[in-house]
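> Build me a model from this:
(one chain, ligands or ions: 1)
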Amino acid sequence: MTRTITVGAAQLGPIQKAEDRVSVVNRLLALMEKAHARGCQLIVFPELALTTFFPRYYMEDQAEVDEWFETSIPSNSTQPLFDAAQRYGMGFHLGYAEKVKEEGITHRYNTAILVEQSGNVVGKYRKIHLPGHVEFDSDRAFQHLEKRYFEIGNLGFPVWKMFDGLFGMCICNDRRWPETFRVMGLQGVEMVVLGYNTPTVNSQSDEAPHVRAFHNLLSMQAGAYQNSTWVIGVAKAGNEDGHELMGGSAIIAPSGEVAAQCVTLEDELAVADCNLDQCHFGKQTVFDFARHRRIEHYGLITEQTGVVLPDMEH
Ligand code: ING
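Numbers count the residues shown, from 1 in each chain. Just a heads-up that it's a prediction; the model follows:
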């Protein structure tokens, strides 16, 4: 009996600033219904899937900022997603802005959860690699204020047992850092699910859009291949109040090959049968970490944060 899971990458089209959560949740439910009709046991939604990508806006009033955050999941507006999970027997991944009080202190994270078919939350991940900046940057064509609105995630890169396999999560910019996938790879991960909101153009250069689309797939395909894991990367895409986000949502096999991909900038479902047993060969041969890695030579990776140039005197 193979460990095959039919997975739906549920790309979202744009969410305008004025669109409310009930309207968005109805779009998510429509995608869950489609996924159910196509036999999916798991559906993957994007990063910050309940609202527009609000870190593009400079805000100073904390109450205004907090309108974009969820203080509980499930909540009145999101409970229908958990009900649908039970009704369809379908797990889901959802990215959202999390406001939480822990030990009397309020924290705000860019968060994602993994929910199993019963509707129980199996795991939570808080984004570690926060891109962008804290203060308004007039040199940029548009702002990217994730470092302003979110704290660095404090849960590490865990891996959870689900669907008789090993599942991990990361969020958007995390996919650009090989350490993200390797930490999960060292825990035997077999499927990494992630969402992204990636502007089509670079706010600091005239980088061609096709290059950014290339980097998106390159990052996820490399992570999949170098850790012999499935990677499901799902976009919120399209034009949000004049700001273009890229699509390209993809289901990537442990070989690094693209098994399915979205081709629009709208709400769209891409589906693939993901056999977790396809992870074995890579993990037992070319990426048999125990046999091949030489950690005695990797010290700089965790001892050093930035670049230290070698002493150039000799
Ligand atoms: N978005 C972008 C991402 O990492 C970015 C930000 C784009 C950083 C391109 C560097 C290069 O896909 C989020 N939300 O992280």
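> per-residue confidence for T200?
Per-residue confidence (pLDDT) for T200: 95.
> For the nearest residue to I171 once chain neighbours are set aside, give me its contacts.
Once flanking residues are discounted, I171 sits nearest to K127: 4.1 Å by Cβ to Cβ, 6 or more residues apart in numbering. Glycine gets a C-beta too; all of them are placed from N, C-alpha and C. With contact set as Cβ atoms under 8 Å, 6 or more residues apart in numbering, K127 has these partners: 47, 109-112, 146, 150, 152-153, 170-174.
> now do R27
R27 makes contacts with L12, D267, as judged by Cβ under 8 Å, 6+ apart.
> any idea how far it is from C172?
Relative to C172, R27 is positioned 20 Å away (Cβ to Cβ, to the nearest Å).
> Relative to A224, how far out is Q86?
The gap separating Q86 from A224 is 30 Å, by Cβ to Cβ.
> So for these two, which sits in the more crowded spot?
Using other Cβ atoms under 10 Å as the criterion, Q86 and A224 rank with A224 on top: 30 against 14.
> pretty sure the more buried one contacts V231?
Yes. Using Cβ atoms under 8 Å, A224 is in contact with V231, at 4.2 Å.
> which residues do the two both contact?
F181, V192, I252.
> what about the second one, distance to I295?
Applying Cβ to Cβ, one obtains 22 Å for the distance of V192 from I295.
> Between these two, tell me which one has more neighbours.
The neighbour count for V192 versus I295, taken as other Cβ under 10 Å, is higher for V192 (28 against 9).
> That one in helix, strand or coil?
strand (DSSP: H, G, I helix; E, B strand; the rest coil).
> didn't it look like it was pressed against G185?
No. Using Cβ under 8 Å, V192 is not in contact with G185, being 9.0 Å away.
> between those two, what contacts are shared?
Both V192 and G185 are contacted by T229, under the criterion Cβ under 8 Å, 6+ apart.
> okay, now the closest residue to Q187 other than its chain neighbours: neighbour count?
Nearest non-adjacent residue to Q187, counting by Cβ to Cβ, 6+ apart: V159, 4.0 Å away. V159 has 23 neighbours, counted by other Cβ under 10 Å.
> And the one 5 residues further on, by the same measure?
By the measure other Cβ under 10 Å, the count of residues near D164 is 10.
> try the one 10 residues further on
Using other Cβ under 10 Å, D174 has 26 other residues around it.
> So it belongs to a strand, correct?
No. Assessed with three-state DSSP, D174 is helix; it does not lie in a strand.
> From what I see, it and P131 are in contact.
No. D174 is not in contact with P131 according to Cβ under 8 Å; the separation is 9.7 Å.
> quick revisit: give me the subset of the shared contacts of A224 and V231 touching the ligand.
Among the shared contacts of A224 and V231, no residue sits close to the ligand (Cβ under 6 Å from any ligand atom).
> want to throw those residues into TSV with distance to R38?
Below are the shared contacts of A224 and V231 laid out as TSV (distance: Cβ to Cβ, whole Å):
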residue	distance to R38
F181	27
V192	22
I252	19
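> what pLDDT does the nearest residue to L245 once chain neighbours are set aside get?
Nearest residue to L245, sequence neighbours excluded (Cβ to Cβ, 6+ apart): A237, at 5.2 Å. We have a pLDDT of 98 for A237.
> ok, now H314?
Looking at H314, its pLDDT is 66.
> So the residue lying closest to H280 once chain neighbours are set aside versus the ligand, what's the distance?
What sits nearest to H280 in space, not counting adjacent residues and going by Cβ to Cβ, 6+ apart, is S228, at 7.9 Å. Using Cβ to the nearest ligand atom, to the nearest Å, one obtains 24 Å as the distance from S228 to the ligand.
> ok, S228 - contacts?
Counting by Cβ under 8 Å, 6+ apart, the residues that S228 touches are G185, P254, C279, H280, F281, G282, K283, F287.
> Please pick the buried ones from those.
Burial by neighbour count, judged by 16 or more other Cβ atoms under 10 Å, picks out G185, P254, C279, G282, K283, F287 from the contacts of S228.
> For the third one, which three-state class applies?
Pointing back at C279 there. At C279 the chain is in helix, as set by three-state DSSP.
> Parallel or antiparallel, which strands does the helix or strand hosting I113 pair with?
If you go by DSSP states H and E, I113 is part of strand 105-115. Using DSSP bridges, strand 105-115 pairs in its sheet with strand 91-102 (antiparallel), strand 121-126 (antiparallel).
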